[in-house]
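J.: below are the sequence and a predicted model; questions follow.
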Amino acid sequence: MEPFLLAVTNLGRDEVFIVALALYTWLVRPSGGRDLGVAFALSYLLNTALKYGLDLPRPFQVEPGAASAAAQATAGGPGLPSGHAQMSATLWLGMAAQLRQGPVLVAAATLVALVSASRLLLHVHYPSDVIVGLLLGGAFALLAARAHFPQAQWARWVPPLVVLLAAALVPAGSPREVGAGLGLLAGFWAVRPSFAPPRDWATRLLVGALGLVLVFGVYFALGALPEALKDLGLVRALRYALLVLMAVEVVPAVLRRWLPPQSTADRATMRTVH
């Protein structure tokens, strides 16, 4: 079953999260996507702090041979808490909590359960790693559904500037997740979705395809920077912040023919929801 388990566990990769967050923001709930992005970034940073702060081993580090080489390749950093479990729970359960639809919740919970089970069956995490990850992910999913992060005046720009300043102070050799998480937080906090999602499926498919081409074009272009430069905390943070700005600000501007401006009624509805 390992090929199947590897396919499932790879649903917890960064690239999958980028696709899911982008499509959710463009096609389902723009303002909700921004709030979910902030909660996701905070969850990512806490996971990184706990993982490297506790520095607990994985099963195959205690018992060599417990996991295959392919499985070990999906395991970066220490064990507790499971990043795959925590971030999958934050993202998918966060969407379900925002939408409050039974079928969506069932689908999200099933996906999170499969990803979490794959981490155990591949012997790259202990049950405690996964359980703690799920609990933390569930908490941040609720934050994504119930919190509304400030977007007006100084409250929109000061926090991202502080976050980027913190990224500039990250010591060389720190885990890459630190800069990435800070960049995601700065980017999602600063963006202000002002468009409405498409209403028909043909337009949704068009926007999704063109938008992902643009976003991943930037993603791979920024990834081509020299390694010595990419490893700097500020540069890594700026890469991820620019990726978020590209997805939430630039893509809707380029595709404004299919992503119309948000109506006054839509804005009033969002204020009521929050």
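T.: Happy to help now that I have it. Residues are numbered from 1 along each chain as shown.

J.: low pLDDT regions in the stretch 151-274 of the chain?
T.: Low-confidence segments of the stretch 151-274 of the chain (pLDDT under 70): 263-274.

J.: mind listing the strands for it?
T.: Read by DSSP state E, counting those that start in this stretch, the stretch 151-274 of the chain holds no strands at all.

J.: what's the answer for the stretch 1-150 of the chain, then?
T.: Along the stretch 1-150 of the chain, counting by DSSP E, counting those that start in this stretch, no stretch forms strands.

J.: can you give me the helices in it?
T.: 2-9, 14-27, 30-54, 59-62, 69-72, 83-88, 94-99, 102-121, 127-146 (DSSP state H, counting those that start in this stretch).

J.: tell me the mean pLDDT for the last one?
T.: Meaning helix 127-146. Mean pLDDT, helix 127-146: 96.

J.: please identify the buried residues of it?
T.: 129-134, 136-141, 143-145 (16 or more other CB atoms under 10 Å). C-beta coordinates here come from the backbone N, C-alpha and C atoms, glycine included.

J.: between those, which is nearest Gln151?
T.: Ala144 (15.3 Å; CB to CB).

J.: how about the contacts made by that closest one?
T.: Contact partners of Ala144, counting by CB atoms under 8 Å, 6 or more residues apart in numbering, are 32, 35-36, 38-40, 90, 94, 97-98.

J.: next: Ala237.
T.: Applying CB under 8 Å, 6+ apart to Ala237 gives the contacts 163-164, 167, 179-180, 182-183, 186.

J.: what about 6 Å?
T.: Counting by CB atoms under 6 Å, 6 or more residues apart in numbering, Ala237 touches 164, 167, 179, 182-183.

J.: and Asp35, by the same measure?
T.: Per CB under 6 Å, 6+ apart, neighbours of Asp35: Ala144.

J.: roughly how far does it sit from His148?
T.: As judged by CB to CB, to the nearest Å, Asp35 and His148 stand 6 Å apart.

J.: one more: Arg29?
T.: The gap separating Arg29 from His148 is 13 Å, by CB to CB.

J.: so the two - more neighbours on which side?
T.: Using other CB atoms under 10 Å, the more surrounded residue of Arg29 and His148 is Arg29, with 19 against 14.

J.: quick check: closest non-adjacent residue to the more buried one.
T.: Spatial nearest neighbour of Arg29, excluding adjacent residues (CB to CB, 6 or more residues apart in numbering): Gln98 at 6.3 Å.
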